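>>> please find the sequence and the predicted model below.
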Amino acid sequence: MMSELQLGLLGIGILVVVGVLAYNKLQERRLRREAGETFGSRHEDVLMEKGSAVVPAGQAAPVERIEPTFSAPAAEARAESSGVLDPGIDFIATVKMVNAVHGEAVSTAIVDSQASPAKSVSWECYNRQTSSWEPLAAAGEYELLRVGLQLADRNGAVSELELADFGAMVQAVAGAVGGSSNLAEPGAALQRARQLDTLCADVDVQIGLNLITRSGGAPGTRIRALAEAQGLKLERDGRFHRRDDSGLELYTLCNMEAAAFTAEGMKELSTKGLTLLFDVARVPGGIATFDRFLAFARSLADALGATIVDDNRQPLDDAGLGKIRAQLEVLYASMETQGISAGGPLALRLFS
């Protein structure tokens, strides 16, 4: 027979074991819940769906799981979502607040998160009156926010660690404003980031055509007159720029020699070489704009008695320029396949 002391010790031992098991179970549930809040893909944003019904509080509604996708969305979907963020190039998270929060409080929470992501991060708020996303404003009051991390740029693709840091930042901001965050699985985002990085490497090309005078130097006053006649304007960087009606750069003209162009200096300047530059991915209009670029290069060369050469100063005849044009057609087709138009909003963000 066990003594009272032995029975007491046995009872205490059983209580300790039960307590440890219960504690471990609670910890497991807590960790699963936190992981779900950080990387759970729950359901589509009902605010973005036409004809969506609001479910009354306390009433469950059937939810169809939608796996995250990073293929280029249709133009109609992009127009409907509005805003700057685009699932084609951004890893997007949403933050939903229990009560409306001032934009200033959100901005403070973002600063307090002390996040310094390597890629561009954009915050947007949902305006119920206009049913659209718009930039975060300090004076606004918001119930729903979204934030996007750009998946790639000219410096490369986003990394797995950067995605994790982004998720931690979103969760920290959500907690500071009394909200909950929703972030998709990072696997598809990393795959899309690699696709975008490959695209950037393929089409991030700047074409330079050099014009070498055949005898003497080209006078600055003559260069300026010819450039301005074709719609180019001298800007502070010492180059002539041709821009479209919205201000987007089409191509530039600069001096091959060390001296930059200036308004006063053009009167005394004489140069033996000029360079025309065409930034393939950032120029709107594609091949049509490149053809205008070539036409200007040819007319400028004829007017100044110059020869069009490449970077090795080898002459570029019509056949050589035609090969460059054919290569550009392939590059532009690759961009369109990815849903990114040259000179469009997405291209300007990717190639910045």
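Yep, that arrived.

>>> hmm, who's touching stretch 246-255?
223, 227, 232, 238-244, 260-261, 269, 271, 273-279, 282-285, 289, 292-293, 296, 300, 343, 348 (C-beta atoms under 8 Å, 6 or more residues apart in numbering). For glycine as for every other residue, the C-beta is placed from the backbone atoms N, C-alpha and C.

>>> recalculate using a threshold of 6 Å.
Contacts with stretch 246-255, where a contact means C-beta atoms under 6 Å, 6 or more residues apart in numbering, come from 227, 232, 239-243, 261, 271, 275-278, 283-284, 289, 293, 343.

>>> check stretch 189-205 too.
Contacts for stretch 189-205 (C-beta under 6 Å, 6+ apart): 70, 91, 151, 152, 156, 157, 158, 280, 281, 331, 335, 338.

>>> report the buried members of the contacts of stretch 246-255.
For these, a neighbour count by 16 or more other C-beta atoms under 10 Å gives the buried set as 227, 232, 239-242, 261, 271, 275-278, 283-284, 289, 293, 343.

>>> where are the low-confidence patches of the stretch 51-200 of the chain?
Applying pLDDT under 70 to the stretch 51-200 of the chain picks out residues 51-82.

>>> can you map out the helices along it?
According to DSSP state H, counting those that start in this stretch, the stretch 51-200 of the chain carries its helices in the segments 75-81, 103-112, 160-176, 186-203.

>>> in JSON lines, list the ones you listed along with mean neighbour count.
Below are the helices of the stretch 51-200 of the chain laid out as JSON lines (neighbours: other C-beta atoms under 10 Å):
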{"stretch": "helix 75-81", "mean neighbour count": "12"}
{"stretch": "helix 103-112", "mean neighbour count": "16"}
{"stretch": "helix 160-176", "mean neighbour count": "19"}
{"stretch": "helix 186-203", "mean neighbour count": "18"}
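
>>> now, the contacts of stretch 246-255 that are in helices?
Secondary structure from DSSP state H places 227, 289, 293 of these in helices.

>>> about what we covered before: just the buried residues of the contacts of stretch 189-205.
Counted by 16+ other C-beta under 10 Å, the contacts of stretch 189-205 give 70, 91, 151, 152, 157, 158, 280, 281, 331, 335, 338 as buried.

>>> narrow these to those in strands?
91, 152, 157 (DSSP state E).

>>> return the set of buried residues in the helix or strand hosting residue 348.
When elements are assigned from DSSP states H and E, residue 348 belongs to helix 345-350. By neighbour count with 16+ other C-beta under 10 Å, helix 345-350 contains the buried residues 346, 347, 349, 350.
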